[in-house]
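K.L.:
A predicted structure for the sequence below; I have some questions about it.
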Amino acid sequence: MKRLTTLLVLAAAIGLGSELQAHGGTYKGPGDTVPPGGGGASTPAPPATPATPSTPSTPSTPGTPSTPNTPNTPATPAAPGGAQAPTTGGQADQTDLSTWQFWWEFNKDRFLNLRAKVHGADNATDTGSVLTGLGGGAKQENTTAPTEQQILTQVIPALYAAVNDGKDKNDQDILTGVMIALGKCGRDANGEARKLFMEHLDAPVQAVGETAAISFGILKDVTAIDTVLIPLLTDAPAGQKMCGKGEVPIRTRTFAAYSLGLIGSHSTDAGVKQLVANTLLTALSTDKSAQQDLRVGCLIGLGLLKIEEPADLNMVVTRLSEYLTAGTDDDIVLAHAPTAMSKLLRGLPADDLTLRNQVLDQVLELLGTRSKAGNYTKMSAVISLGLLARPNDPRSADIFAALTEAAEKAKDQQVKNFSAISLAYLGSADPAFDSPENKQPVTKFLVARLKKSNTAYEMWSGLALGVMAFQLNEKQLAIATQAQEEVLEKFKDSKSSDQQSVFALSLGLMNYQPAVAEIRKKMDENRTAEFLGYGSISLGLLQARTESGFLSQIIDEKRRDEDLLRQAAIGLGLMRDKTILSKLMEFMNPKEGRPTLSVLASTATAIGFIGDTNSVTPLVDTLKNERLTPLGRAFAAVALGMVGDPELLPWNEPIGADLNYRASVSTLVERTVANGILDIL
């Protein structure tokens, strides 16, 4: 039995096998190949007793963890089961963690924005349109979205029935899948979902307890902040009682930190945001645990907050800046401070640059010749430069100089690679800087590196040009025609599936219509799963509806390749093809026999991504079908949660987007049993 892979066709490309897993399946990121430097225990230090959060002062110095182990490539994942204690190292394989596929799979949702496109299906035309969706989803008429009545009378009752009735009601997979699904549905007027989550915080299986903790955040339950999440995070007596243990497990505390960040990010109450920020800052500065997970969770949670009150924003960013300057924590933890600050500052008015420039100077210093920052922190510094770019900004030249120097001189390949994406962010954030009048420095640099550099950076440059074009399209602007033409020529000349995949994807992001015929031709010539998958997504982005029959044929022929099936289905969804749902339903409920678990898993998640109103009844029937395995039914629960989710983007998209996924810990992306926060669908 194979686990639903987290990198779509990446697992096929790199030849990794794995197991299907609970939490209702996996989401994104290198779950099978998580960078193993994270999550391991540093030199232990006695944990401090957390205080009740108050208005924070200058942070105390965290325990000094030892230098992280040199990352090895992880071993093949173990069979599914309860969450395991994090480990370090592992038997080496040849997986290259610096490849472009990892970045794409963490960041793809806001570019695809599949649900917004599918729900606007009746408004579709036969011509290619400007791509929409970056940063929160296009506002369209929801013509195919499930109705409120369907959610309240079919979806939610079916989810509760799965854990209250039947022979599998206590199954771990069904229980975790249902809790996550109820959180996504976001409707709990009678408090029944909250009660279910509370009842399972003390589950003997760690994966169930931590799923209950994160479900409060997915539900956006503000009432849980004081009563549940702060006691869990701070290991308070009330939290210990809820968990039924002498201390709250570090994983549960970390999941509570993510929950607080998720709730704070959606709240419009400045007081709620301040409470969450103070709580996370206090936990960050007082945690002395040997593992890095809790501190990483606090930093990422802080980066989720959209703080609008200037004084509160200044306080939080200043605290994080001081924490980074002290430099006394592990490199894996410190690496999440620059990106947290940069994400917080995205809400600043364009002309309010004082605080932003202070952070920019600090980030530039991390990349300076005298910097003693570790490689993970330098990676994050490069990511942050792109996030800090602003329109009509006099500092754009400084950002450009630092990024091009990193691309050309950095010793670490991942630092180089991330520079390409940040250059794309710079070019699209400040079109005046990359204007013809200014000789288009960003476009010229990326095109030059696309044409001639090392093979890896050529691919990252091609992807970056696609990302920049997409984001310019969002502003009703266009990238230089030369860039589109050069990517197409590079695609036509490419021989490997890896190169063909990334350049096809770039052309799709560019919405470059002349590429359709060439991509289709290449897909006839190269039948590898990797290229067929990314080619399908590219054709979907290009709205190449003339090729819908071809993608349907791929699905029919490759239905047992769960990753390719899902990518081809996404391609058809992007084309707003209305026949794809009926085809997927046939796979899920064949007239004869039972679907294999891999087909059921990939089909259910593909249906969930599309989120069509017509999928509700068949998914409910699948969830009720006790002839299927509990894990198979759990995937139906996951799909129902995705269908019932009122949000256009996945709940953990803000966590994965622009994340330094190389500085990973087991609660973020778990490499053995897929129980990290980004492994959950």
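P.N.:
Cool, got the structure. Numbers count the residues shown, from 1 in each chain.

K.L.:
please count neighbours and contacts with C-alpha atoms only from this point.
P.N.:
Fine.

K.L.:
Ile230 and Tyr661, how far apart?
P.N.:
From Ile230 across to Tyr661, the span is 26 Å (CA to CA, to the nearest Å).

K.L.:
likewise Leu640?
P.N.:
28 Å.

K.L.:
packing partners for the longest helix along the chain?
P.N.:
Longest helix in the chain, counting residues (DSSP state H): helix 455-474. The contact analysis (3 or more CA pairs under 8 Å, 6 or more residues apart in numbering; DSSP states H and E) places helix 455-474 against helix 100-107, helix 413-429, helix 441-451, helix 497-510.

K.L.:
Ala373 touches Val363, doesn't it?
P.N.:
No. At 10.5 Å, Ala373 does not count as touching Val363 under the criterion of CA atoms under 8 Å.

K.L.:
those two: which is more packed in?
P.N.:
Val363 (27 against 19; other CA atoms under 10 Å).

K.L.:
find the nearest non-adjacent residue to the more buried one, please.
P.N.:
Distances taken as CA to CA, 6 or more residues apart in numbering put Ala381 closest to Val363, at 5.4 Å, once the chain neighbours are dropped.

K.L.:
let me know how buried that neighbour is, in neighbour terms.
P.N.:
31.

K.L.:
again, but for Ile680
P.N.:
Other residues close to Ile680 by other CA under 10 Å number 24.

K.L.:
for it, give its distance to Asp173.
P.N.:
In terms of CA to CA, Ile680 sits 12 Å off from Asp173.

K.L.:
and what of Ile180?
P.N.:
11 Å.

K.L.:
just want to know which of those two has more residues nearby.
P.N.:
Ile180 (28 against 25).

K.L.:
pretty sure the more buried one is touching Gly641, no?
P.N.:
Yes. Between Ile180 and Gly641 there is a contact under CA under 8 Å: 7.2 Å.

K.L.:
which neighbours do those two share?
P.N.:
With contacts taken as CA atoms under 8 Å, 6 or more residues apart in numbering, not a single residue reaches both Ile180 and Gly641.

K.L.:
what sits up against stretch 645-653?
P.N.:
106-107, 109-110, 113-116, 136-137, 184-186, 218, 642, 677-678, 681.

K.L.:
tell me which element Leu571 falls in.
P.N.:
Slight slip there: residue 571 is Gly, not Leu. In this structure, Gly571 sits in helix 562-574 according to DSSP states H and E.

K.L.:
list the helices and strands that helix packs on?
P.N.:
Using 3+ CA pairs under 8 Å, 6+ apart: helix 562-574 touches helix 114-119, helix 529-541, helix 548-557, helix 580-588, helix 597-610.

K.L.:
for the first one, enumerate the helices and strands it packs against.
P.N.:
Under the contact criterion of 3+ CA pairs under 8 Å, 6+ apart, helix 114-119 touches helix 562-574, helix 597-610.

K.L.:
how about it as PDB, C-alpha atoms only?
P.N.:
Taking Å, rounded to 0.1, in the frame of the first residue of the first chain, the C-alpha atoms of helix 114-119 are listed here in PDB:
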ATOM      1  CA  LEU A 114      -8.400  25.900  -8.500                       C
ATOM      2  CA  ARG A 115     -11.600  26.300  -6.500                       C
ATOM      3  CA  ALA A 116     -12.100  29.900  -7.600                       C
ATOM      4  CA  LYS A 117     -11.800  28.800 -11.200                       C
ATOM      5  CA  VAL A 118     -14.000  25.800 -11.000                       C
ATOM      6  CA  HIS A 119     -16.700  27.600  -9.000                       C
END
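
K.L.:
so where's the chain uncertain?
P.N.:
Filtered on pLDDT under 70, the chain yields the residue ranges 1-94, 120-143, 671-674.

K.L.:
tell me where the chain has strands.
P.N.:
Here the chain has no strands by DSSP state E.

K.L.:
just the angle between the longest helix of the chain and helix 100-107, please?
P.N.:
Counting by axes from the mean of the first three to the mean of the last three CA atoms, to 10 degrees, helix 455-474 lies at 30 degrees to helix 100-107.

K.L.:
can you give me the buried ones in helix 455-474?
P.N.:
456-474 (16 or more other CA atoms under 10 Å).

K.L.:
next one: stretch 563-582
P.N.:
In stretch 563-582, counting by 16+ other CA under 10 Å, buried: 563-577, 580-581.

K.L.:
how about stretch 440-458?
P.N.:
Result for stretch 440-458 [16+ other CA under 10 Å]: buried residues Gln440, Pro441, Val442, Thr443, Leu446, Val447, Arg449, Leu450, Lys451, Ala456, Tyr457, Glu458.

K.L.:
wait, which of the residues you listed is closest to Thr318?
P.N.:
Nearest to Thr318 among those, counting by CA to CA, is Val442 at 30.9 Å.

K.L.:
do I have it right that the closest one meets Gly427?
P.N.:
Yes. If you go by CA under 8 Å, Val442 and Gly427 touch, sitting 5.8 Å apart.

K.L.:
now list whatever residues contact both of these two.
P.N.:
Asp434.

K.L.:
pull up the gap between the closest residue to Pro391 other than its chain neighbours and Asn392, please.
P.N.:
Among residues not flanking Pro391 along the chain, Asp430 sits closest, at 4.1 Å (CA to CA, 6+ apart). Distance, Asp430 to Asn392, by CA to CA: 6 Å.

K.L.:
hmm, back to that, and the residue nearest to Val363, what is it in contact with?
P.N.:
Ala335, Pro338, Thr339, Val363, Leu364, Leu366, Leu367.

K.L.:
count the neighbours of the third one for me.
P.N.:
So the one you mean is Thr339. Residues near Thr339, counting by other CA under 10 Å: 28.
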